[in-house]
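1. Sequence unavailable; structure follows:
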């Protein structure tokens, strides 16, 4: 197609529209083995038009590589007030991605090429807002690379002899190295909770000829085995799991952290979608939320927010419009002390306890019980206006639960 410069992008940009337009649109999965780790790669689109897909990828991630361009003008555009570099770093932190790598790419296009001064300028600029967001800078490895020329990816580059290597200082210990591959090898897997009830937010659902309906997603807590009966919230459908695969290899048991596809019986593809949550129907199955109370911090809104405001809430892989039904109390962001009961309005910088009502069926959980299903970002006006954690959830009573109660009474 005469697009030689896109040859590496096409490794993960597999959709026809992505290849024609030259931008990533949907998230893509890949796998990578380092010396110590088996990694699942989630390639997230950077363009603001496809932010929903970026959020779906980020919600499943344990760590993130923030790729910033060193090319003239591109770094400046990314970190401007409306820039996507700033937005993506904020959303990653909000959705629980606490391990971040800063990768300064396109060093071959810097002026002059492979300039140390340009690298330091980019690191300084990005470091300012990473610190504001909440990242600890000593724990963020920073390194210059050129994806196109292959510099500092797997082998140290001779063209950047001034770069003495990256260092990282975490409470778990120190790490250092020279290349991006070594950084990925140094990432720490989070604590996996396999003793909790199963929660598996769906990233997508496919219909595969000769197989049937195959939901795909990452197990957050619990375990999944073939033969188990799973229920899907908020639709309240149940089905038996026939088989499980990860990266096209069959599994007999899937643990937290696994990105899997699993085949279910007797459910049509149209009845499941991104944002639904699967759980074990016999052990605390997930359910739709009637409403929930959250501690919300307003980050960036040009006006005042009152009861009735309805932004899009991005929680795990779901993107659902929710109404701020009641503003209970304004609280101090740092101490958690109550400042005011039933405030009439909120502005940027305020923190409050708010009751939210989903406009469409949605499954969320308390942050204390299931952290990845209990934190969210609120988007409006093409930007992140607020972030929050869920304190309590009022679940919808399901028809089947009512029938079970009626049966019990009859017996």
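-> Yep, that arrived. In this text the structure is predicted, and so the values were computed from the model without any measurement.

2. Show me which residues of stretch 242-253 are buried.
-> Neighbour counts over stretch 242-253 (16 or more other C-beta atoms under 10 Å) mark 243-246, 251 as buried. From N, CA and C alone the C-beta is placed, and that goes for glycine too.

3. Most widely separated two among these?
-> Distances among the buried residues of stretch 242-253 were taken as C-beta to C-beta; the most separated pair is 243 and 246, at 11.3 Å.

4. Residue 273: neighbour count?
-> Other residues near residue 273 come to 15 when the count uses other C-beta atoms under 10 Å.

5. Tell me the spacing between it and residue 237.
-> Using C-beta to C-beta, to the nearest Å, residue 273 is found at 12 Å from residue 237.

6. Can you check my assumption that residue 108 lies in a helix?
-> Yes. Residue 108 forms part of a helix when assessed by DSSP: H, G, I helix; E, B strand; the rest coil.

7. Could you count how many residues lie near it?
-> Count around residue 108 with other C-beta under 10 Å applied: 17.

8. Please look at it and residue 152 and confirm they touch.
-> No. Counting by C-beta atoms under 8 Å, residue 108 does not reach residue 152; the two are 11.1 Å apart.

9. quick one on the thing from earlier: and which of the buried residues of stretch 242-253 is nearest residue 366?
-> residue 244 (27.6 Å).

10. if I look at the closest one, how far off is residue 257?
-> 14 Å.

11. same question, residue 361
-> Taking C-beta to C-beta, one finds residue 361 at 27 Å from residue 257.

12. again, but for residue 349
-> For residue 349 relative to residue 257 (C-beta to C-beta), the value is 36 Å.

13. Quick check on those two: which one has the bigger neighbour count.
-> The residue with more neighbours, out of residue 349 and residue 257, is residue 257; 17 against 11, by other C-beta under 10 Å.

14. And the protein, what are its domain boundaries?
-> Domain segmentation of the chain under the TED database yields 16-51+60-186, 199-280, 288-395.

15. Now do the end-to-end distance for the first one.
-> Start-to-end span of domain 16-51+60-186 (C-alpha to C-alpha, to the nearest Å) is 35 Å.

16. now that domain: how far from the chain's centre is it?
-> 16 Å (C-alpha atoms, centre = their mean, to the nearest Å).

17. What of stretch 362-372?
-> That offset, for stretch 362-372, works out to 14 Å (C-alpha atoms, centre = their mean).

18. How about residues contacting that stretch?
-> 59, 96, 196, 199, 201, 220-221, 233-234, 275-277, 286-289, 292, 313, 315-316, 318, 320, 322, 373-376, 389-393 (C-beta atoms under 8 Å, 6 or more residues apart in numbering).

19. how about that stretch: buried residues?
-> Here stretch 362-372 shows 362-367, 370-372 as buried, counting by 16+ other C-beta under 10 Å.

20. do stretch 159-168 as well
-> Using 16+ other C-beta under 10 Å as the test for burial, stretch 159-168 gives 160, 163, 166, 168.

21. Among those, which lie within strands?
-> Among the buried residues of stretch 159-168, the ones falling in strands (DSSP state E) are 166, 168.

22. Could you dump the buried residues of stretch 159-168 into a markdown table with distance to residue 214 added?
-> As requested, those are exported to a markdown table (distance: C-beta to C-beta, whole Å):
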| residue | distance to residue 214 |
| --- | --- |
| 160 | 44 |
| 163 | 44 |
| 166 | 39 |
| 168 | 38 |
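
23. Closest to residue 12 out of the buried residues of stretch 159-168?
-> residue 166 (24.1 Å).

24. residues contacting the closest one?
-> Counting by C-beta under 8 Å, 6+ apart, residue 166 makes contact with 141-143, 176-178, 183.

25. Kindly report the same for residue 94.
-> 375-377, 384, 387.

26. For the stretch 251-400 of the chain, which segments count as helices?
-> 399-410 (DSSP state H, counting those that start in this stretch).

27. tell me the SS of the nearest residue to residue 47 once chain neighbours are set aside?
-> Among residues not flanking residue 47 along the chain, residue 23 sits closest, at 5.3 Å (C-beta to C-beta, 6 or more residues apart in numbering). Secondary structure, three-state DSSP: residue 23 is coil.

28. hang on, isn't residue 23 packed against residue 45?
-> Yes. Shown here, residue 23 and residue 45 form a contact pair, counting by C-beta under 8 Å, at 6.9 Å.

29. higher neighbour count, the two?
-> The neighbour comparison of residue 23 against residue 45 (other C-beta under 10 Å) goes to residue 45, with 21 against 16.

30. ok, back up a step: taking the contacts of residue 166 one by one, which sit in strands?
-> 142-143, 176-177.

31. Weed out the non-buried ones from those.
-> 142-143, 177.

32. Would you reformat those as JSON lines and include distance to residue 128?
-> Converted to JSON lines, these look like this (distance: C-beta to C-beta, whole Å):
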{"residue": "142", "distance to residue 128": "13"}
{"residue": "143", "distance to residue 128": "18"}
{"residue": "177", "distance to residue 128": "25"}
